[in-house]
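[1] Here's my sequence, what's the structure:
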Amino acid sequence: MLNSVNSLGNSHPGAMAQHGLPSADIPDIVVDSSGKDDAVSEKKIQEGQLEIVPQPIYTQDGTVDIHGQPAVRAKTGTWKACPFVIGNECCERLAYYGINTNMVTYLKDVLHQSNSAAATNVTNWAGTCYITPMIGAFMADTYWGRYWTIAAFSSVYFVGMTLLTLTASIPQLRPSHCAENSLSCGPSKGQLATFYLALYLIALGTGGIKPCVSSFGADQFDESDPVEKKHKSSFFNWFYFSINVGALISSSVLVYIQDNVSWAWGFGIPAVAMGIAICSFFFGTPLYRHQKPSGSPLTRVLQVFVATFRKYWVAVPADSSLLYETEECSIQGSRKLDHSNELLFLDKAATIVDQNKMSSGSPSPWWLCTVTQVEEVKMLIRILPIWVTSIVFSTVYAQMSTLFVEQGQTMDISMGPHFKIPPASLSIFDTLSVIFWVPVYDCLIVPVARLFTGYDRGFTQLQRMGIGLVISMTSMIAAAIVEINRLRIARHHHLLNDTGVSVPLSIFWQVPQYFLIGAAEIFTFIGQLEFFYDQAPDGMRSLCSALSLATVSLGSYLSSLLVTIVSHVTERDGSPGWIPDNLNVGHMDYFFWLLAVLSLLNFCAYLACAHWYKYKKVHGTSLKQ
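    Below is the predicted model:
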């Protein structure tokens, strides 16, 4: 039994030369095989109780440096490179939320759009920001790699931010102030075109880099090294922490500047933040590890289905070693995958039909695929049920910007005699919750959980996501309880039909529901980031990250659909419905209970999918999870 591992190079630099041990940038590992945790000593070396295990100089996961050479383990990656990636993400999110958080106000007050038009335009733009990640992911996995994709789309992002700042700064690019009762008030076609060009350049830029940054940061940790693999899990925690730091600054400082100083400064500061994000990213260039692009993932998926269909009549051999596989992985930048015993009908694509054709050269992948290529498709199919069960969580998350705000608008928003709290600003407690829980999770919860589960990460990725789903249910229960009390107080004070008076219930009673959603994010959203990176095929990681981001958009769409259905069903026969304009005569608590029940049903479905799921098995590794 090997019980302790010590670095001879770090602890005893002189011993390396004395015993003829190789001196490289990365010291060899000295393993104590005596069953004791004694310090390394020359006596143990002489007695053979210590085993010298050479450490590879280069990473073992196929990563390369900026020059395309194998990445040197000691000089690249790990936490040396990650601060530049995390700094980039923090500044980029500050820039994004600096635009997104208050954009509806700009459209109404500066561009003189109506409430409905402004809300629609912001929704369309935000939706585009979660569609464009598919473009960035495809370019990263197929052609450019993640580094150059981030570099290219960051440049587009910065151009859009600069142009947006100019539209708010140069008088000729923004409409003039409207005179009272003016009928011809609004921007010209040229001003509007310039504004939307800037806005959708930002959407293209943020969408292009969004699926690549987290994956690129995770690329800095070699999965074949147990220590680095454990640190990769911590990276996702701190990566999400940086997102919320940027969001916190945007939702507080930048919104204040936009409302009380000027829009030129309000847009200019995010533009500068994006410039800092780009500089932070490029400063780390000598330290980065890069995964090579592997070609079009969509083509490889299509090849498997075509080959399976063309050989639908072929029987799959019982011995999986008879399936077609190359000596080295045929997919650039990817590792070979072991055969799995699920979805066996897809193995037809890797079934050899004519041995004579095999001797004449490489077969067409549209007729014969490798086991690794088939396993890539199986992995995508296994991931999809987990992906689907993440959408309801995003629906719960979407309530922070919709029904939570509407609920807060009917409550007592005063804090002291002179200050009133904007109901939308309570989302800051969600951000503060994330900032609080990330270090608690990483430094306290994981070490304690590790004692009970035996996993280096504390929980498996699926366990972590499941815990978040349960916490999200409690947030809906908390919101329902607050709404029940709000309605009770409204009835007691005879305010059911008086919408001009706030219900005397402090808006701070909403804090628990925001705080619980923040805690749920730590488990589900971060677990989702890690899961879709770790369990994705090596050559499809950006694409799977984009897929995980799509759940946010789909969750918002599902929320809108549920509100529409509920309103249609409950507003019959003169009933005001659950969510009327006057919430005092409605039953929004019923809608929160509905979401809690849907979350429970979704959690049950998630448990079934998680039980069925099989973790990725890379060739030559052990399946620990």
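[2] now the most centrally placed residue in the chain: how far from Leu173?
    Central residue check for the chain by C-alpha atoms, centre = their mean: the C-alpha nearest the mean position is that of Leu529, 4.2 Å away. Distance from Leu529 to Leu173, counting by C-beta to C-beta, to the nearest Å: 38 Å. The C-beta positions use only the backbone N, C-alpha and C, and glycine is treated the same way.
[3] which regions of this protein sit below the pLDDT cut-off?
    Applying pLDDT under 70 to the chain flags the ranges 1-55, 115-116, 119, 177-185, 333, 355-361, 499, 619-625.
[4] Okay, strands next: where are they in it?
    In the chain, the strands defined using DSSP state E lie at 4-7, 29-32, 50-53, 411-412, 503-506.
[5] elements contacting the shortest one?
    What that stands for is strand 411-412. Counting contacts by 3 or more C-beta pairs under 8 Å, 6 or more residues apart in numbering; DSSP states H and E, strand 411-412 packs against strand 503-506.
[6] Pull the distance from the strand it packs on to the chain's centre.
    Computed by C-alpha atoms, centre = their mean, to the nearest Å, the chain-centroid distance of strand 503-506 equals 37 Å.
[7] Partner strands of it and their direction?
    Partner strands for strand 503-506, per DSSP bridges, with pairing direction: strand 411-412 (parallel).
[8] residues making contact with the partner strand?
    Pro423, Arg486, Ser502, Val503, Pro504, Leu505, Ser506, Ile507, Trp509, Gln510 (C-beta atoms under 8 Å, 6 or more residues apart in numbering).
[9] change it to 10 Å
    For strand 411-412, contacts defined as C-beta atoms under 10 Å, 6 or more residues apart in numbering pick out 420-421, 423, 426, 482, 486, 489-490, 502-510.
[10] Repeat that for stretch 565-577.
    Identification of contacts with stretch 565-577 by C-beta under 10 Å, 6+ apart yields 578-580, 582-588, 590-591, 594.
[11] The same query, at a cut-off of 7 Å, please.
    Residues from elsewhere that reach stretch 565-577 (C-beta atoms under 7 Å, 6 or more residues apart in numbering): Trp578, Ile579, Val585, Gly586, Phe591.
[12] between the residues you listed, which is nearest Ala550?
    For the contacts of stretch 565-577, the minimum distance to Ala550 (C-beta to C-beta) is 24.3 Å, reached by Phe591.
[13] rewinding a little: need the contact list for the closest residue to the residue nearest to the centre of the chain other than its chain neighbours.
    Spatial nearest neighbour of Leu529, chain neighbours left out: Phe236 (5.1 Å); criterion: C-beta to C-beta, 6 or more residues apart in numbering. Residues near Phe236 by C-beta under 7 Å, 6+ apart: Ile526, Leu529, Glu530.
[14] surely the last one meets Lys229?
    The one in question is Glu530. No: using C-beta atoms under 7 Å, Glu530 is not in contact with Lys229; the gap is 11.2 Å.
[15] who has more neighbours, the two?
    Glu530 (24 against 17; other C-beta atoms under 10 Å).
[16] how close does the nearest residue to that one once chain neighbours are set aside get to Phe532?
    With C-beta to C-beta, 6+ apart as the criterion, Glu530 has its nearest non-adjacent residue at 4.6 Å, and that residue is Phe236. From Phe236 across to Phe532, the span is 11 Å (C-beta to C-beta).
[17] How about Ala550?
    For Ala550, the distance to Phe532 - C-beta to C-beta - is 11 Å.
[18] Specify which residue of the two has the higher count of neighbours.
    Set Ala550 next to Phe532 and count neighbours by other C-beta under 10 Å: Phe532 wins out with 27 against 19.
[19] and that one, how far is that from Met415?
    For Phe532 relative to Met415 (C-beta to C-beta), the value is 41 Å.
[20] now swap in Val85 and tell me
    38 Å.
[21] now Ile170
    Ile170 sits at a distance of 38 Å from Met415 (criterion: C-beta to C-beta).
[22] quick one, helices of the stretch 401-550 of the chain?
    403-409, 428-440, 446-453, 461-492, 511-534, 541-570 (DSSP state H, counting those that start in this stretch).
[23] Could you dump these into a markdown table with distance to Gly207 added?
    Output for the helices of the stretch 401-550 of the chain, formatted as a markdown table (distance: least, C-beta to C-beta, whole Å):
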| stretch | distance to Gly207 |
| --- | --- |
| helix 403-409 | 25 |
| helix 428-440 | 22 |
| helix 446-453 | 32 |
| helix 461-492 | 24 |
| helix 511-534 | 16 |
| helix 541-570 | 8 |
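[24] Quickly compare these and say which is most buried.
    By mean neighbour count, with neighbours taken as mean count of other C-beta atoms under 10 Å, helix 511-534 ranks first of the helices of the stretch 401-550 of the chain at a mean of 24.
[25] who does that one touch, helix- and strand-wise?
    Helices and strands touching helix 511-534, by 3 or more C-beta pairs under 7 Å, 6 or more residues apart in numbering; DSSP states H and E, are helix 189-218, helix 226-249, helix 428-440, helix 461-492, helix 541-570.
[26] tell me the angle of the first one relative to helix 541-570?
    By that I understand helix 189-218. 120 degrees (axes from the mean of the first three to the mean of the last three C-alpha atoms, to 10 degrees).
[27] tell me which residues in helix 189-218 are buried?
    191, 194-195, 198-218 (16 or more other C-beta atoms under 10 Å).
[28] For stretch 417-434, which outside residues touch it?
    Taking C-beta under 7 Å, 6+ apart as the rule, stretch 417-434 contacts 240-241, 244, 247-248, 251-252, 400, 405, 408-409, 413-415, 507, 510-511, 514-515, 517-519, 521-522.
[29] Repeat that for stretch 128-143.
    146, 149, 153, 200, 203-204, 206-212, 293-297, 539-540, 542-543, 545-546, 549-550, 552-553.
[30] Stretch 540-555 too?
    Contact with stretch 540-555 is made by 127, 130, 133-134, 137-138, 140-141, 146, 210-212, 214-215, 297, 376, 383, 387, 390-391, 393-395, 397-398, 528-529, 532-533, 536, as judged by C-beta under 7 Å, 6+ apart.
[31] Equivalent analysis for stretch 510-529, please.
    Taking C-beta under 7 Å, 6+ apart as the rule, stretch 510-529 contacts 214, 236-237, 240, 390, 393, 397, 400, 404, 407-408, 426-427, 429-430, 433-434, 437-438, 441, 461, 464-465, 467-469, 471-472, 474-475, 478-479, 482, 548.
[32] let's go with 6 Å and repeat that
    214, 236-237, 240, 390, 393, 408, 426, 429-430, 433-434, 437, 441, 461, 464-465, 467-468, 471-472, 474-475, 478-479, 548 (C-beta atoms under 6 Å, 6 or more residues apart in numbering).
[33] what's the neighbour count on Thr101?
    Using other C-beta under 10 Å: Thr101 sits among 20 other residues.
[34] For Ala424, see how far away it is.
    From Thr101 to Ala424 the distance is 8 Å (C-beta to C-beta).
[35] and what of Trp313?
    The gap separating Trp313 from Ala424 is 61 Å, by C-beta to C-beta.
[36] what's the answer for Phe138, then?
    The value you get for Phe138 to Ala424, if C-beta to C-beta is used, is 35 Å.
[37] again, but for Asp534
    Noted for Asp534: a distance of 35 Å to Ala424, by C-beta to C-beta.
[38] Ok, Leu562 next?
    Counting by C-beta to C-beta, the gap from Leu562 to Ala424 is 21 Å.
[39] same question, Ser154
    Here the criterion is C-beta to C-beta. By it, Ser154 lies 29 Å from Ala424.
[40] just Asn237 next, same as before
    Taking C-beta to C-beta, one finds Asn237 at 27 Å from Ala424.
[41] circling back: between Trp313 and Ala424, tell me which one has more neighbours.
    For Trp313 and Ala424, the more surrounded residue by other C-beta under 10 Å is Ala424, and the numbers stand at 18 against 7.
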